[in-house]
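A.B. asks: model this:
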Amino acid sequence: MRELRYFLSNIAVSGVFFSTSLLALQPQTVSRGSMTIRVVHGPAQYLPENAVKGITCVIIVSYLYAILSFPMFFFYRSITLANSNKFGQYFTKRNLLITFIILFVISCVESGIFYYSCIPYNILLERVNRTTNIVEEFENNTMLLNQHLRNIDINLQLTTTATSQISSGIIQTQEEMNMEKHHLSLFGDDYSRNPLTLIFYGVLLLCHVLSYFTISICANFIMKTLKRKQGTMSQDTFLENRLLVHSVFAESIVPLLLSAPVGANAVLITIYENSLSWQEFLPTYFMSMVPVLSPLCTIMFIVPYRNAVVSFLTLKSFRGNSATAAANKNNDSDD
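C.D. replies: Presented below is the predicted three-dimensional model:
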């Protein structure tokens, strides 16, 4: 089970980066013809354009690293159960670490392709302003925010002393700075202008297809191998290995299943060229469920993890420590 901890710990770390970065962006994906425009609604909208694209690269690296790690785990388990002396000697702890590094490099290369496939901000802004009402909504929201700041400033000027009026001036200066610096945060790509976009989506599709088939084939092979060797192992060992396959398979298939509606949505948008309002938020909705549903699958199938979560939620360990402390105190009083 040691290798399982290696894989799950790496995937868990990538899930933390993925969910945090996605929460920072909260993108709205607007498609107009061959152009895909991502409008940032999260806290990252106040960051520079390169920083926003950098956060997106973190999302790509963490997501791609996870979906490539799962088929690697199933392939490793297949070789281990088959007792292949020819290939088993290569799956040592050191070689697994090298494999993780290779997967990470592949993910970084894919994110680099995305970074350089993005087109300039001015082109995106012109298309958004011409074909949607996003810019108008942004300006209205900004005006409401500035009006709210002015109202706060007026209230402070009416109810505070001359000293507080100085701080009121600071608020006014900060408002002016916000008006100058805060702009509609956009980034995107256009496959008619930059062919790197097609390479990026092609590699992403290839990784999903290879991961799905590798996981399915290896999981089926592992289950058949376990049934064939059931007579040579104890019942507990057989059940533990079968539970391991079921739990990891459920966790690994979640991102692939949730990516299917996103891919179907992208195909529809490409055919009809313009995205509808509900289609623009669908990728974020589905991808945001990956970091939640994948760990839940592991918790449901693996009993020690499930018991640990239940113990934490019910404060069982805290109550146990409190009861122990009370018993020790009673014993001391009796002495």
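
A.B. asks: Secondary structure element holding I37?
C.D. replies: For I37, the enclosing helix or strand under DSSP states H and E is strand 35-40.

A.B. asks: Skip ahead from that strand and say which helix or strand is next.
C.D. replies: Proceeding C-terminally, strand 35-40 gives way to helix 49-82 as the next helix or strand, assigned by DSSP H and E.

A.B. asks: tilt between that following helix and strand 35-40?
C.D. replies: Orientation of helix 49-82 against strand 35-40 (axes from the mean of the first three to the mean of the last three CA atoms, to 10 degrees) gives an angle of 100 degrees.

A.B. asks: Which positions within helix 49-82 qualify as buried?
C.D. replies: Of the residues in helix 49-82, 49, 52-53, 55-79, 81 count as buried by neighbour count, 16 or more other CB atoms under 10 Å. For glycine as for every other residue, the C-beta is placed from the backbone atoms N, C-alpha and C.

A.B. asks: What of stretch 245-262?
C.D. replies: By neighbour count with 16+ other CB under 10 Å, stretch 245-262 contains the buried residues 245-256, 258-259.

A.B. asks: Could you list the low-pLDDT ranges of the stretch 151-300 of the chain?
C.D. replies: Where the stretch 151-300 of the chain drops to pLDDT under 70, the residues are 151-182.

A.B. asks: Please, where are all the helices along it?
C.D. replies: 162-181, 196-228, 235-272, 277-288, 290-301 (DSSP state H, counting those that start in this stretch).

A.B. asks: just checking, what packs against the third one?
C.D. replies: Helices and strands touching helix 235-272, by 3 or more CB pairs under 8 Å, 6 or more residues apart in numbering; DSSP states H and E, are helix 2-25, helix 49-82, helix 196-228, helix 277-288, helix 290-301.

A.B. asks: how far off helix 196-228 does the helix or strand where S111 lies point, in degrees?
C.D. replies: In the assignment (DSSP H and E), S111 maps to helix 93-117. Taking the same axes, to 10 degrees, one finds helix 93-117 and helix 196-228 inclined to each other by 150 degrees.

A.B. asks: how far is helix 93-117 from where the chain is centred?
C.D. replies: Its chain's average C-alpha position is 16 Å from that of helix 93-117, according to CA atoms, centre = their mean, to the nearest Å.

A.B. asks: got the contact list for that helix?
C.D. replies: Contacts made with helix 93-117 from outside it, assessed by CB atoms under 8 Å, 6 or more residues apart in numbering, are listed as 3, 6, 10, 53-54, 56-58, 60-62, 64-65, 68-69, 72, 76, 189, 194, 196-197, 199-200, 203-204, 207.

A.B. asks: what comes up buried for that helix?
C.D. replies: Along helix 93-117, the positions that meet the burial threshold by neighbour count (16+ other CB under 10 Å) are 96, 99-100, 103-104, 106-107, 110-111, 113-115, 117.

A.B. asks: out of those, who's nearest F18?
C.D. replies: The shortest approach to F18 among those belongs to S107, at 11.3 Å (CB to CB).

A.B. asks: Tell me how far I60 lies from V109.
C.D. replies: Taking CB to CB, to the nearest Å as the measure, I60 and V109 are separated by 10 Å.

A.B. asks: just V61 next, same as before
C.D. replies: V61 sits 10 Å away from V109, taking CB to CB as the criterion.

A.B. asks: again, but for L258
C.D. replies: L258 sits 24 Å away from V109 when distances are taken as CB to CB.

A.B. asks: now S78
C.D. replies: 27 Å.

A.B. asks: same deal with H41?
C.D. replies: Using CB to CB, we find H41 at a distance of 29 Å from V109.

A.B. asks: Over to R306?
C.D. replies: Distance from R306 to V109, counting by CB to CB: 38 Å.

A.B. asks: do the same with N122
C.D. replies: In this structure, N122 and V109 are 28 Å apart, going by CB to CB.

A.B. asks: ok so, going back, for the helices and strands packed on helix 235-272, could you give me a markdown table that also reports distance to L239?
C.D. replies: A markdown table is the format used below for the helices and strands packed on helix 235-272 (distance: least, CB to CB, whole Å):
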| stretch | distance to L239 |
| --- | --- |
| helix 2-25 | 15 |
| helix 49-82 | 15 |
| helix 196-228 | 10 |
| helix 277-288 | 34 |
| helix 290-301 | 12 |
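
A.B. asks: Please work out which of those is packed deepest.
C.D. replies: Looking across the helices and strands packed on helix 235-272 with neighbours counted as mean count of other CB atoms under 10 Å, the highest average goes to helix 49-82: a mean of 21.

A.B. asks: which other helices and strands contact it?
C.D. replies: Using 3+ CB pairs under 8 Å, 6+ apart as the contact criterion, the secondary-structure elements in contact with helix 49-82 are helix 2-25, helix 85-88, helix 93-117, strand 186-190, helix 196-228, helix 235-272.

A.B. asks: Sounds good, over and out.
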